[in-house]
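> Sequence first, predicted model second:
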Amino acid sequence: MMDAKSDLRVPLYFWVVGGVALLWNIMGCGIFFNEMFNQEAAMESFTEAQKEWVRTTPSWVYVIFGLSVATGLAACVGLLLRKNWALPLFVASFLFVLIQMGYTMLVAGGLQVMGPAGAVIPIVVVILALAWVVSTLKFRNADWWSGH
């Protein structure tokens, strides 16, 4: 026997948001692994000052980066499965993003070293991390959300 919620049709926009969030977080995981295992090659086009800035990034920032993409990816799986645990994972990912981007761009001087153009991606990352939280909050209130 099916419950009433499983009979309700899930709107297309849910699948679009969930799919985009999943792809975005998969890309984030790829960038994380590239920075962990292929950092020098990734910095070929950087100036010497930019390379030095990246090389002096504390290891705890990479731990936070890894946590942000891991929780974000897990949250996407939860979102697409329509599980309540997706929300706390998206919130954790958002907080990790704020810590990482706040430190690297503001405290560690990333804006000065990378220039204003270097702020574009961090701003987009923060906005999207917040968008996944807000979207999940909205989805959780829908009739078709399964929860559990």
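Looks like it arrived, so ask away.

> what packs against the longest helix anywhere in the chain?
The single longest helix within the chain, with elements called by DSSP state H, is helix 12-37. Judged by 3 or more C-beta pairs under 8 Å, 6 or more residues apart in numbering; DSSP states H and E, helix 12-37 is in contact with helix 59-80, helix 120-140. C-beta here means a position set from N, CA and C on the backbone, and glycine is covered the same way.

> List the buried residues of it.
Across helix 12-37, burial judged by 16 or more other C-beta atoms under 10 Å covers F14, V17, G18, A21, L22, W24, N25, G28, F32, E35.

> likewise stretch 121-138?
For stretch 121-138, a neighbour-count test (16+ other C-beta under 10 Å) marks P122, V125, V126, L128, A129, A131, W132, V133, S135, T136 as buried.

> just stretch 104-116 next, same as before
T104, M105, A108, G110, V113, M114.

> and the nearest residue to the fourth one once chain neighbours are set aside, what does it touch?
Take G110 and drop its neighbours on the chain: the residue closest to it by C-beta to C-beta, 6 or more residues apart in numbering is T104, 4.7 Å away. Applying C-beta atoms under 8 Å, 6 or more residues apart in numbering to T104 gives the contacts T57, V61, G110, P122.

> Let's have the buried residues of stretch 121-138 in JSON lines, adding distance to W53.
Putting the buried residues of stretch 121-138 into JSON lines (distance: C-beta to C-beta, whole Å) gives the following:
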{"residue": "P122", "distance to W53": "14"}
{"residue": "V125", "distance to W53": "18"}
{"residue": "V126", "distance to W53": "20"}
{"residue": "L128", "distance to W53": "24"}
{"residue": "A129", "distance to W53": "23"}
{"residue": "A131", "distance to W53": "28"}
{"residue": "W132", "distance to W53": "28"}
{"residue": "V133", "distance to W53": "30"}
{"residue": "S135", "distance to W53": "34"}
{"residue": "T136", "distance to W53": "34"}
